[in-house]
Each structure stands twice: as structure tokens, then as C-alpha cells.
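[1] Curious how this folds, go ahead:
(2 chains)
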Amino acid sequence: MILRMSTLFLRTLREDPVDAEVPSHRLLVRAGYIRRVAPGIFSWLPLGYRVLRNVERVIREEMDRSGGQEVHFPALIPREPYEATGRWTEYGDGIFRLRDRKDGDYLLGPTHEELFTLLVKDLYSSYKDLPLSLYQIQTKYRDEARPRAGILRGREFVMKDSYSFDLDDAGQQRSYEKHRQAYIRIFDRLGLDYVIVAATSGAMGGSASEEFLAPAETGEDTFVRSPGGYAANVEAVVTPAPGPVASVDVPAAHVEDTPDTPTIETLVALANDRFPRPDRRWNAGDTLKNVVVTLRQPDGTRTPLVVGIPGDREVDLRRLEAAVQPAEVEPFTDADFASNPTLVRGYIGPASFETGEASQYLGAEATAKIRYLLDPRVVEGTRWITGANAPGRHVFDLVAGRDFTADGTVEAAEVRAGDPAPDGSGPLELARGIEIGHIFQLGRKYAEALDLKVLDETGTLVTVTMGSYGIGVSRAVAAIAEQTHDDAGLVWPREVAPADVQIVAAGRDDAVFQAADRLASDLDEAGIRVLYDDRRNVSTGVKFADSELIGVPTIVIVGRGLGEGTIEVKDRRSGERVHVPVTDAVVHLVELCRR
RNA sequence: CGGGGUAUGGCGCAGUUUGGCAGCGCGUCCGCUUUGGGAGCGGAAGGCCCCCGGUUCAAAUCCGGGUACCCCGACCA
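    Numbering: from 1, shown residues only, chains lettered A, B, ... in the order given. Got it, this is the predicted structure:
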């Protein structure tokens, strides 16, 4: 098919849209691929919709190839299935809810684990039916707190989600691996640069999980890489246990007056001034910082949590939140401090000294029973300066294990470039990426909640084990745009481009348009997808600029070369131009596009 | 949820300080010229100046209230 620009529903913008910050958003709007309708909600115009459908096509081909079967669920879903799995409440404000005329509760599907599970339960009941892999490409709805960056994080977006159903863990492992391979083929074909990283499973629940991240500055996920090949989302980075602590005689813990030291900085300064160490100066890493937050459970229960980390680290909220799933982390407010008078702002510590000796102040053993979790770096035998639970007082030489314990450890401290990698291969490197795919082994969470069981060989009912696999289809379009654009515009990989070739008729002679017309129809007949700039009333400069903005991989300029019987073939990505005799043009271009 | 900003023709913006005919560039339409890097001249269409209320002879502009959108942040003990 030939797309003629004289009639194409397209208006490119000369200026950047004012509300677009990231390149993909800016260029997709400027080049006439998408238009904003509401925050995080976009319309797809002809060129954009072609790209989206191309991405879908690649995904379908590879999913089908790996044995997946396509189905299609509604986006409008009744409350009951989500009630059964607890997600009606667990999702909180994150879903769009609505009522029908009879006051029935509905939601716009944020993801479809429940419906897939119920459908299989509805039809299948034997081990002979498994394994099974189903997928759909669906519009999903999530009421994001802050939609941003165009189609990178929208409230309505297109997602491919698939689910595997297996009798046992070994089967699930095989299904997982199959999906992993399919994803590798998909993202390779889409021309994306990507990294597979260890991940946390988030709101879906489940165990083993990996993300496909497309490295990009505008990405919302931070991930790490080690020289030895370890890669993980920061949320999933495991802090390697430090070696055993050299046993030195640490004097008994002692409380000191440290007036006006509510921050680590002021505390360290005062310690160096008033309580100097003989061997070196105190630093922030000698202090144990105790951060208090509120955990809000899905059922609305709010409880305080204190996290102890070395004072030279900050708490990474997203890591903490990943660690306490499905609870949400909220800041500890003034009101919270008021209702928890045992917590002295700025001077919180794990031990109290009412009797002159260290006794547990935080944690399950203490009277207040405030949950207390420690950073993995705070191992037994380490020695700290920390709050003494009284204004203007800190305790020195407090030894973990000797003077206090905690209710466990938590991965909540920020990850820094240069931190040791868990695989021991050296320092971690940090980078940002866009999450384009996520695969994980769900296990039996949904099958149990919705009672999906089959009979095995022995006639026993067994709960099916599931995997869940997502690809952000519309987000992949943005990710490609983020990775492959340049100053002049978009640069599509051929597989997803709205056309293979953009013909620019440059000049005003009828001969130019006649030659361009003929080339367009010859290419079309040869099966090449053609975008043809046949506009007569537009200057050549505008056509060139538009061709670069639109980003079709091969641009053919039919114009002044005709005198010598040639056309120009320009590679959008490299900018390289070659002159090709008109007589060879079709053969040349067909070969170029099929390569 | 907190902070900052914005709201004027399809898009980008000026005008608001100091109240007085609603403007500019791009785009669109008509005519003529032009056509290898975002053309020229002439003419034209297109507006609830976010909404509600107030002050005033007079409000895009001042006052009060509201709404929407954009960006940043979300713990720093």
C-alpha cells in the first residue's frame, strides 16, 4: 500500500510541544504519531498506529511460534474475581473503578491474572491439558499517581500479557524459559537495546522474576551491572554479607550528651569535637541511622517500622517498598510522632539505658513492640554511635548482637555505583532503563485463590502452577523512539517503521512527479511499504525536514538527479546517500529492504 | 500528598506590573510569484482571554473562590 502524504491524515509540528520533556514524547507528537487526549491518555494517528501494530505483529508472531495461543478478554471487568484474590483492595487507588446502573462494582483491568485463571478453570480439569500458554494484547488501565513522559507511563496503555499453566515446578520452569527465549527474539526484532535483570515481583506476587530493561536516560528504573555479568533492578539488588567482624574489645556502651544533633552531620561534627577517636576521625559510616516510616497494609492498617542503616547511606524508598510488599510505605508524619511518644525524633536508637545497661528499645522484644529491621551491613559485632531515645543524647560503642537485636534484615539502603557486586566480581555500575518486559513465576498464588486444580495421573487434585509474562507494547514504541532518535527526528528500525521507504518528490517539474509516481507503484507491487511525499505545494526543504522527523529508514529523493537518470537513496540512520540509476532503483531498494 | 509553574485562535507565545479597540510568529484559506533544506507579496477566516463571583464608567489585566494542566519532590532521622 502507498501512503500518499498529500492526503495522509498528518500534521507535523515545527515547534516542540511545550508539555513534552522526553525525546520520545516530543518527537512522537511533533511527527504526528500521537496526540494527547487527557493526562496519560493518547490517541494514535495513522503513522503511530502503524508502528504500534507492527510491534504487535512481531509480538504475535513470536508468541505463536513459542506455542502461545491468543485470546482476548474484556477491559471492563466485574469486581468479584479481584475480590477473591484480594486485589480489589490491594491495588488501592491504582485502578479505575466504576459502577453500573444497578450499583454493581466494576473495574478497568490493570492486568488479567484473575480472568485467565478463571477461564482455564472453567474449561480444563486434567493434567493431560497441560502445559498451556495463553496470551492477549489488551488495553490496560491504571490510575497512575503521576503519568509522565507521553506514552512511557500512561494511564491507558497497550500490554501483551501471557500466562503459563503447568502441573509442577519443573514444567513451570520450562514455560518460563520458553517465554524468556520468545522475549529475546521479540526485543531483538524490535531493534531494542536491552538488559535482562533480576527483579522483584511487585504487586503480582510470586517468586523468580526478571525484567527486560531498555537502557535510556529517561527510564524510570535504575539497575546495576557487575563486571561478572550480574544485573539487577536496584529494587532487587542483594547486599553481599560483609566478612566476619574482627573481634576487638569494645568498651561497654555509654550514653553521652550530644545537644542539638538531630542530623547525622551535626552528630559526627560533635563527636569529633567532644569525643575524638584516637585512631581516626568519626564519620557518617560510624553512626547507625534509624529511619522511621509508616507501613500501610492493603487493609488500611498503619504501623510504624524503624529501619537501621549505616549513617552514610540513605533509605531508598522504592527498595524498601519492594521489600515490604504488598504494604505501602508512607512518611512518618508529625501526627505519627505525636501518637508514638516513645519515638524521639532525631534520637531514635535500638536500645534504652534506663537501668544503666543497654536493653532492647525497638523490636518485638521491647515493650513498645515497634518493628525494627536492619540493613545487612549491620552485622553482629559491629560498633555504632546511635540515638539514645532521649533528646540531645546518643549512645557510643553500641555493639550489634551484644547490646541489641532486630526483627530481621531488610534491603532498604540505597545502592551506589561502586558498591561490591553480590557475585563478587567487582564494583557495581548504575544505569537507568525503561521496563519493556517482565517475566515471572507466579507459583500457585492465583490458582489457590481461585481454586484452579486439575487431576493428576493418580487421580489426585493438584493446584496448577502459573507464570505471568508482560510486554509494554505501547511503551516499547516509546522505548524504541528513546533509543534511536537523533536531533532531526525519529529513526525507526525497519521492522516497526510505518513504511520501508519514503519517496520525496523534490522539485516542481511534472517529470519529477511522474518518475516518483512510477517508482512508488513499482515498489508497492514489489511488496515494499511506501510513504510517498507527493505534495505539490510544499517546498522541498519542508519535505526533507519532514522525512527526517518521520524517521522511515530509507529515504528516496527523486529530483534533479533525473537529468542524469539517477535517484538518491539516503539511509536515515547514517545519513549516507548513494546515487542509483532509475532503471536499477526497484531492484536496489527491494534488496535493501529485504536485507 | 507537598513544592513550584502555567491557563489568551489549531500550535508556540506577548500583553497582566501601571484597567481603556485582543496582538505577534507558525499553521489554515484565496490570488499571484516561487520550488534541492522549514519561500515572497497581497488579501482573508478563526477568540467564552480556564470557570464562578466581586470591584469599576470600563477587567485578559485588580480582588475572592474554584477547576484543569505541566514540572519537581516524596524518608534525610
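[2] Only C-alpha atoms from now on, for both contacts and neighbour counts.
    Will do.
[3] element containing the closest residue to RNA strand B within chain A?
    Across chain A, the shortest distance to RNA strand B (CA to the nearest atom of the strand) belongs to A:G346, at 1.9 Å. Following DSSP states H and E, one finds A:G346 outside all helices and strands.
[4] One more: A:K289?
    According to DSSP H and E, A:K289 maps onto strand A:288-296.
[5] Now that strand: buried residues?
    Under the neighbour-count criterion of 16 or more other CA atoms under 10 Å, strand A:288-296 has A:L288, A:K289, A:N290, A:V291, A:V292, A:V293, A:T294, A:L295, A:R296 buried.
[6] These also near RNA strand B: which ones?
    A:K289, A:N290, A:V291, A:V292, A:V293 (CA under 7 Å from any atom of the strand).
[7] Could you pull up the residues touching the third one?
    Put plainly, it is A:V291. By CA atoms under 8 Å, 6 or more residues apart in numbering, the contact list for A:V291 reads A:V306, A:V307, A:G308, A:I309, A:V315.
[8] ok, the closest residue to the first one other than its chain neighbours to A:H485 distance?
    Nearest-residue entry for A:V306: A:V292, 4.3 Å, with adjacent residues in sequence omitted and distances by CA to CA, 6 or more residues apart in numbering. With distances defined as CA to CA, to the nearest Å, the gap from A:V292 to A:H485 amounts to 44 Å.
[9] Over to A:R99?
    A:R99 is 43 Å from A:H485, by CA to CA.
[10] would you list every one of the helices in the stretch 251-400 of chain A?
    A:264-274, A:317-324, A:334-339 (DSSP state H, counting those that start in this stretch).
[11] let me fix that: the stretch 51-200 of chain A
    For the stretch 51-200 of chain A, helices defined by DSSP H, counting those that start in this stretch occupy the ranges A:80-84, A:87-90, A:113-123, A:169-189.
[12] mind listing what's buried in the first one?
    Looking back up the chat, that one is helix A:80-84. Buried residues in helix A:80-84, counted by 16+ other CA under 10 Å: A:P81, A:Y82.
[13] Report all helices and strands that it contacts.
    With contacts taken as 3 or more CA pairs under 8 Å, 6 or more residues apart in numbering; DSSP states H and E, helix A:80-84 sits against helix A:113-123.
[14] list the helices and strands the helix it packs on packs on?
    helix A:80-84, helix A:445-449.
[15] Point out where chain A drops to low pLDDT.
    For chain A, the stretches flagged by pLDDT under 70 are A:201-207, A:244-248, A:298-300, A:326.
[16] Could you tell me the phi and psi values at the residue sitting nearest the centre point of it?
    Compute the mean C-alpha point of chain A, and by CA atoms, centre = their mean the closest residue is A:E435, 3.2 Å away. Dihedral pair for A:E435: phi -80, psi 110, per degrees, to the nearest 10.
[17] With A:V569 instead?
    phi -120, psi 120.
[18] Apart from its neighbours in sequence, what residue is nearest it?
    Per CA to CA, 6+ apart, closest to A:V569 is A:V556, 4.6 Å.
[19] ok, now A:F544?
    The shortest distance from A:F544 to any non-neighbouring residue, by CA to CA, 6+ apart, is to A:V504 (7.5 Å).
[20] swap in A:D257?
    Distances taken as CA to CA, 6+ apart place A:R393 nearest to A:D257, at 4.7 Å, with adjacent residues excluded.
[21] Quick check: closest non-adjacent residue to A:E482.
    Per CA to CA, 6+ apart, closest to A:E482 is A:S24, 5.1 Å.
[22] which residues does that neighbour contact?
    Taking CA under 8 Å, 6+ apart, one finds A:A149, A:G150, A:A478, A:A479, A:A481, A:E482, A:H485 in contact with A:S24.
[23] among the residues you listed, which are in helices?
    Among these, the members falling in helices (DSSP state H) are A:A478, A:A479, A:A481, A:E482.
[24] residues touching A:L130, list them.
    A:F165, A:D166, A:L167.
[25] what do you get for A:R383?
    A:R383 is in contact with A:V250, A:D286, A:D397, A:L398, A:V399, A:A400, counting by CA under 8 Å, 6+ apart.
[26] Please apply the same query to A:L450.
    Counting by CA under 8 Å, 6+ apart, A:L450 has contacts A:P81, A:A84, A:T85, A:E114, A:T117, A:L118.
[27] Can you tell me which of the contacts of A:V291 is nearest A:K178?
    Taking CA to CA as the measure, A:K178 sits nearest to A:V315 out of the contacts of A:V291, at 36.9 Å.
[28] Grab the nearest non-local neighbour of the closest one.
    A:A413 (4.5 Å).
[29] I'd like to know how many residues surround the one you found.
    With neighbours defined by other CA atoms under 10 Å, the count for A:A413 comes to 25.
[30] What of the one 5 residues further on?
    In terms of burial, A:G418 registers 13 neighbours under the definition other CA under 10 Å.
[31] Likewise for A:G467?
    For A:G467, using other CA under 10 Å, the count is 26.
[32] The one 4 residues further on now?
    A total of 24 residues lie near A:I471 under the criterion other CA under 10 Å.
[33] do A:T460 as well
    As a burial measure, A:T460 scores 10 neighbours (other CA under 10 Å).
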